[in-house]
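> 3D, please:
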Amino acid sequence: MLLNKLSKECFENAKAKGFHSLTEENKDLVIPRDLMLIVTELSEAMEALRHNRWAELQLYQFDTAANSSEDFNKIGFEAYIKDRFEDEISDTFIRLFHLCGLLNIDIDAHVKLKMEYNKTREHKHGKKF
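Have a look, this model is predicted:
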């Protein structure tokens, strides 16, 4: 139920921010667009990796522990987390969960089913790499 809960939360947040635009007439454009936005987030993660940009979670937690104001947390996030590898991976999940919520996919069930299926597959699925 955790993934479905996250999907609903990501979908509701995106909708509240004006990113809900799926209709029967435009679904052939919206779904591919959202898939490419997921790919874009992975590309941004790759760029962060190439430039060795990693989140500094301990510094963020240390700085924000002294001041819990919303503005201070935003400044800390932008200084230590934003546009770093982990941030881009998080964006990828958020976009995936948003898409699952948008399409009402029971992602909990599908992940469990796929994991069970993968247990039945041979080593490296018969491939060398």
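> Quick one: list the elements packing against the lowest-mean-pLDDT helix or strand in the chain.
Confidence across the helices and strands of the chain bottoms out at helix 57-66, with a mean of 83, counting by mean pLDDT, DSSP states H and E. Of the remaining helices and strands, those touching helix 57-66 by 3 or more CB pairs under 8 Å, 6 or more residues apart in numbering; DSSP states H and E are helix 70-80. Bear in mind the C-beta positions are built from the backbone N, C-alpha and C, glycine included.
> what residues does the helix it packs on touch?
Outside helix 70-80, the residues that touch it by CB atoms under 8 Å, 6 or more residues apart in numbering are A55, E56, L57, L59, Y60, D63, T64.
> Tell me which helix or strand the first one sits in.
Following DSSP states H and E, one finds A55 outside all helices and strands.
> show me the contacts for it.
Taking CB under 8 Å, 6+ apart, we find A55 in contact with Y80, I81, R84, F85, E86, D87.
> next one: D106
Applying CB under 8 Å, 6+ apart, we find D106 in contact with N4.
> when you give positions from now on, start the count at 57
Right, with 57 as the first residue, what we last looked at is D162.
> quick one: it from K170, how far?
Going from D162 to K170 by CB to CB, to the nearest Å gives 12 Å.
> go on, F75?
27 Å.
> quick one: which of the two has more around it?
Legend: neighbour count by other CB atoms under 10 Å for F75 and K170, higher for F75 (15 against 10).
> okay, the closest residue to that one other than its chain neighbours: pLDDT?
Once flanking residues are discounted, F75 sits nearest to H154: 7.5 Å by CB to CB, 6 or more residues apart in numbering. On the pLDDT scale, H154 is placed at 95.
> what helix or strand is H154 on?
Using DSSP H and E, H154 sits within helix 141-158.
> And the contacts of that helix?
59-60, 62-70, 75-76, 78, 86-87, 90-91, 93-94, 97-98, 100-101, 103-105, 109-111, 113, 137, 161, 163.
> How many residues are close by L113?
L113 has 12 neighbours, counted by other CB under 10 Å.
> how much space between it and A104?
Remark: distance between L113 and A104 (CB to CB) = 14 Å.
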